[in-house]
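**Student:** Have a look at this prediction, sequence included:
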Amino acid sequence: MKRILLLGFDKQQFSHAQMEMIRARAGDRQLLISRERAEIEAALDDIEIVVGSFPRDLLVDAPNLRWFQQWGAGADWLMDRPEARTLDFVLTNASGVHVVPISEHILALLLAFARRLPQAWKAQEERVWISNRWQTSFGTTIQGKPQFTRTMAEDDVFELADKTLLIVGAGAIGSRTARLAAAFDMRIIGIRRHPQRPAENIDLMAGPERLLQLLPLADFVVVSAPFTTATRQMFDSVAFGAMKAGSYLINVGRGGIVDEQALLQALEAGTIAGAGLDVFAEEPLPADSPLWRHPNLILTSHYSGLTPRYDERALAIFLDNLERYDRGLPLHNIVDKAQGY
C-alpha cells in the first residue's frame, strides 16, 4: 500500500519554498496535490493524511485515513456529517490562525460604534458637515457662512474606557480580544465551557449557564463561540431581552448562533442599540434580507479572518503537527468530533 499525503489545494497554493518544507517533512509519503474529486477517489485506499480541502462524503470510503488537518477553524460541518464522528481518524483544525485579524476586526467594530463612523461615512458620501457643540460655540464657518446641516451631541458618541465587554466563547480569539480591550481600559467578562481554566485580562470567567445572568452587565457582547448544537440560536429573544439597554452585539462566530429575526426585533424595539455582524445564517446574505437596510447594523461579508499571513500561519500549524504525528506525540488543535470543536 502507498502512503499518500493529500494536499487538498490548487497546485499554485504554495510557493516553491513552502513546497520544499512540506516535502522535507513528508518523508517517504507520496504527495498528491489535488482538489479534483476523480483524482481523490482513485487514491482513496492509500490516503493516510489529508490537509486542506476534502470531499467530506468520501470520508467513510477512506479506510486508511488516520489524520485530517483542516485549513480552517470551524468544524460545524460535523453536524451535517454525523457518520464522520465515529470514524477512526484524528481531526485537527487551524485554530489560532485567525486570532490577530479577527480580534482586530472586533475592535474595529467596537470603535466604529463608539465614534459613530457609519454616520461619518454617510455624511462624507453626501458631502455634509456634522456640527457639534464645540464648533457652534466658537462660530465655525466654511467660507464665512455656517454650513451645518446635521448635528451631533456629546452623548451621541462614547468612550470604550470603563465599558464592560462580555466575550461569549473566550478561546484564542476571545483571549486576544480581551488583551486589546484591556488596553482601552474596558472591564472584561468571559464565558466558556471550562471556566476554571485561567485567562489573562479577563476579570470574570463563567460557564455558559450564567449567560442570562451576565448579559445585563455588558455594554458590548462579542460572540466568538463555535457553532454546535448547544450554541445554535443561543442569542434568541430571551437573550436579547436580557441584554443591557443601549448595548451592542458583535458576532464573528457563526451566523446560526444568532436568531436574526429576534435580533431585528430587538433593534426595532430599541432593546439594544446596534450590532456588528460578520457571519450570517445564510451566506452570501440574500439581497432581500432586511439586515442590509437596518441603520443600526454594520455588516461585513465574513472576512474578519482574512489576512495575507493566513497560509503562512496555517502551514506552520500543519508542519508542526506532521512532525508530532511522525514522532507519536499528541497533535495540537485536536477537534473533539463528538462535541464539534
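**Tutor:** Yes, it's here.

**Student:** where does the stretch 201-341 of the chain dip in pLDDT?
**Tutor:** For the stretch 201-341 of the chain, no stretch has pLDDT under 70.

**Student:** What are the boundaries of the helices in the stretch 201-341 of the chain?
**Tutor:** 211-214, 237-242, 260-269, 310-326 (DSSP state H, counting those that start in this stretch).

**Student:** show me what contacts the spatially most central residue of the chain?
**Tutor:** The C-alpha lying nearest the average C-alpha coordinate of the chain belongs to Val252 (C-alpha atoms, centre = their mean; 3.8 Å). Residues near Val252 by C-beta atoms under 8 Å, 6 or more residues apart in numbering: Ile102, His105, Ile106, Ile173, Val222, Val223, Ser224, Asp278, Val279, Ser304. Glycine gets a C-beta too; all of them are placed from N, C-alpha and C.

**Student:** Sitting in strands, which of those residues do you find?
**Tutor:** Per DSSP state E, strands hold the following members of those: Val222, Val223.

**Student:** top of the contacts of Val252 by neighbour count?
**Tutor:** Val222 (32 neighbours; other C-beta atoms under 10 Å).

**Student:** quick one: contacts for that residue?
**Tutor:** Contacts were defined as C-beta under 8 Å, 6+ apart; by that measure Val222 touches Ile106, Leu165, Leu166, Ile167, Val168, Gly174, Thr177, Ile250, Asn251, Val252.

**Student:** out of the residues you listed, who's nearest Pro286?
**Tutor:** Pro286 has its nearest neighbour among these in Asn251, at 17.4 Å by C-beta to C-beta.

**Student:** sorry, back to before: ok, so of the contacts of Val252, who is nearest Arg327?
**Tutor:** Closest approach between the contacts of Val252 and Arg327, by C-beta to C-beta: Ile173, at 29.1 Å.

**Student:** What does the residue nearest to Tyr310 when sequence neighbours are not counted show for phi and psi?
**Tutor:** The shortest distance from Tyr310 to any non-neighbouring residue, by C-beta to C-beta, 6 or more residues apart in numbering, is to Val97 (6.1 Å). Here is the backbone geometry of Val97 (degrees, to the nearest 10): phi -70, psi -30.

**Student:** okay, the closest residue in space to Arg187 that isn't next to it in sequence: pLDDT?
**Tutor:** Spatial nearest neighbour of Arg187, excluding adjacent residues (C-beta to C-beta, 6+ apart): Thr164 at 4.6 Å. pLDDT recorded at Thr164 is 98.

**Student:** quick one: Thr164 and Asp185 touch, right?
**Tutor:** No. Between Thr164 and Asp185 there is no contact under C-beta atoms under 8 Å: 11.3 Å.
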